[in-house]
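K.L.:
could you work out the structure for the sequence below:
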Amino acid sequence: MTTLSTPAQPHIHDIVKTFDIPLDALQVRHPHKRLVVGVAVAKPARSDGLGEHQILLIRRVSSEDEFPNAWELPGGGAEVGTDKTILDTVVRETFEETGLEITSITKIIKAFEYSTSKGDAIQFNFLVEVKEPVEVKLNPEEHDEYAWAGLEDLERHFGSLGEESRAVMRDVVVDALKRFAEEQFKTAD
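P.N.:
Alright, predicted model coming up:
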């Protein structure tokens with residue numbers, strides 16, 4: 001894995017502060033489950049009014065044991081001893097997988113549970129802002145492609161997933177886009 005410098009601590013919005021607790025305290029609330037994050041990096045619609053808001057998706061490499069070639073949000077598992085909180089996981093995983101530095105963790109998005117060969121997991125999803133300019137640099141050991149996806153792109157990216165997984169991922173991205181649009185509307189006022 002490429003060694004990158006550690007990004008600065010982001011601003012944490014009040015609504016997200018409920019997750020700014022020690023990792024072991026969060027683990028107690030979710031016993032026997034791996035704690036995982038998904039990170040929605042949003043890009044606004046074009047200033048000329050054309051296009052739509054989009055979310056960054058990354059594609060897992062074909063050699064992955066779980067969900068090879070699947071599109072997903074950046075993210076990954078909490079690391080005890082490295083991450084003090086799940087919000088540290090958000091920052092670390094985003095930087096490791098995309099090279100993007102988070103400047104602000106703004107919203108909580110729908111969480112979901114799933115099972116893999118590693119066991120049961122709960123994925124907490126967050127909407128973030130990143131440092132400009134946005135230049136995605138994938139970790140080639142984990143992901144081989146990225147795309148900015150709007151609502152009309154979701155079927156193309158999630159079509160290979162099973163019906164339940166496709167519905168869950170679509171709901172998470174739709175929730176992220178909705179919350180991002182709300183923020184953009186508030187900022188415009």
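K.L.:
ok now the lengthiest strand in the chain, how far from the chain's centre?
P.N.:
Longest strand in the chain, counting residues (DSSP state E): strand 102-116. Averaging C-alpha positions (Cα atoms, centre = their mean, to the nearest Å) puts strand 102-116 6 Å from its chain's average.
K.L.:
just checking, what packs against that strand?
P.N.:
Secondary-structure packing of strand 102-116 (3 or more Cβ pairs under 8 Å, 6 or more residues apart in numbering; DSSP states H and E): strand 11-12, strand 34-43, helix 86-98, strand 119-130, helix 163-188. Any C-beta I mention is one placed from the backbone N, CA and C, and that applies to glycine too.
K.L.:
got the angle between the longest one and strand 119-130?
P.N.:
Right, the one you point to is helix 163-188. Put simply, helix 163-188 runs at 20 degrees to strand 119-130, going by axes from the mean of the first three to the mean of the last three Cα atoms, to 10 degrees.
K.L.:
buried residues in helix 163-188, which are they?
P.N.:
Using 16 or more other Cβ atoms under 10 Å as the burial criterion, the residues of helix 163-188 that qualify are 165-166, 168-170, 172-173, 175-177, 179-180, 183.
K.L.:
distance to Glu64 and pLDDT added to these, as JSON lines?
P.N.:
Listed next are the buried residues of helix 163-188 as JSON lines, based on distance: Cβ to Cβ, whole Å; pLDDT from 0 to 100:
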{"residue": "Ser165", "distance to Glu64": "15", "pLDDT": "92"}
{"residue": "Arg166", "distance to Glu64": "18", "pLDDT": "93"}
{"residue": "Val168", "distance to Glu64": "18", "pLDDT": "95"}
{"residue": "Met169", "distance to Glu64": "16", "pLDDT": "95"}
{"residue": "Arg170", "distance to Glu64": "21", "pLDDT": "95"}
{"residue": "Val172", "distance to Glu64": "19", "pLDDT": "96"}
{"residue": "Val173", "distance to Glu64": "20", "pLDDT": "95"}
{"residue": "Asp175", "distance to Glu64": "25", "pLDDT": "95"}
{"residue": "Ala176", "distance to Glu64": "23", "pLDDT": "95"}
{"residue": "Leu177", "distance to Glu64": "26", "pLDDT": "94"}
{"residue": "Arg179", "distance to Glu64": "28", "pLDDT": "93"}
{"residue": "Phe180", "distance to Glu64": "28", "pLDDT": "93"}
{"residue": "Glu183", "distance to Glu64": "32", "pLDDT": "81"}
